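Asks: sequence-free structure coming up:
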């Protein structure tokens, strides 16, 4: 069965500092990988995704993530944090070979990012 | 264009009551998903519709939970005999056929007293 682990339920960085949010997955097949962001009282918004091809994926708002199969990781980074990046971030996986019937997402427990001035 | 909408945004009910939660997907999206997000947790899959039929309902926790999508667009999640443990945010997502990106609504926060 697939699973996702996000290390660090709370991460705090200073404005302008590097953001690194960790995600490791467990899957018997190379999965599709996603990062979603959730602002207070809002729905989940897709930041970026990896399906096939280039392993370094760029997303919205200056975020990027690298798929490392050997480490079963898909960590999210941003070179310089802004105050507006404060939100909860979820890593998710889906099985592209799942019976052809659904791409249901398996989510991690989330990482709450705080950005200090 | 309009995104996924969910109504109501908040629902407070008493233990044992019946509730219905509604999801309006993005127009033309054939796939529709329901997830449940408990406090401090990531969303958990409940059910997936392709068109009018439930293609995967393996995430429904028990037979008190049921969902329909009679015309292949709007979906309703129905919970009978609600329990305090059902309190959560219920999220709906939709996607076009053959696309792996799901677009989420703002959710319905259900509180069972």
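Replies: Okay, I see it. Nothing here was measured: the structure is a model prediction, and the numbers come from that model. Residues are numbered from 1 along each chain as shown, chains lettered A, B, ... in the order given.
Asks: and residue A:61, that one's in a helix?
Replies: Yes - the assignment for residue A:61 (DSSP: H, G, I helix; E, B strand; the rest coil) places it in a helix.
Asks: List the contacts of it.
Replies: A:47, A:78, A:85 (C-beta atoms under 8 Å, 6 or more residues apart in numbering or on different chains). All C-beta spots, glycine's among them, are computed from the backbone N, C-alpha and C.
Asks: got a list of what the residue most central in space within chain B touches?
Replies: Computing the C-alpha centroid of chain B and ranking residues by C-alpha atoms, centre = their mean puts residue B:34 first, at 3.5 Å. Contact analysis of residue B:34 by C-beta under 8 Å, 6+ apart lists B:23, B:45-48, B:67, B:75, B:77, B:90-92.
Asks: how about a markdown table for those residues, with distance to chain A added?
Replies: Formatted as a markdown table, the contacts of residue B:34 follow (distance: C-beta to the nearest C-beta, whole Å):
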| residue | distance to chain A |
| --- | --- |
| B:23 | 11 |
| B:45 | 4 |
| B:46 | 9 |
| B:47 | 9 |
| B:48 | 4 |
| B:67 | 14 |
| B:75 | 15 |
| B:77 | 15 |
| B:90 | 12 |
| B:91 | 7 |
| B:92 | 9 |
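Asks: average pLDDT for stretch B:17-29?
Replies: Here stretch B:17-29 scores 96 as its mean pLDDT.
Asks: which residues are in contact with that stretch?
Replies: Here stretch B:17-29 makes contact (C-beta under 8 Å, 6+ apart) with B:1-8, B:11, B:13, B:32, B:34, B:73-82, B:90, B:92, B:94-96, B:103, B:105, B:108, B:110, B:112.
Asks: again, 6 Å this time
Replies: By C-beta atoms under 6 Å, 6 or more residues apart in numbering or on different chains, the surrounding residues in contact with stretch B:17-29 are B:4-7, B:11, B:13, B:32, B:74-80, B:82, B:90, B:92, B:94-96, B:103, B:108.
Asks: Nothing else from me, thank you.
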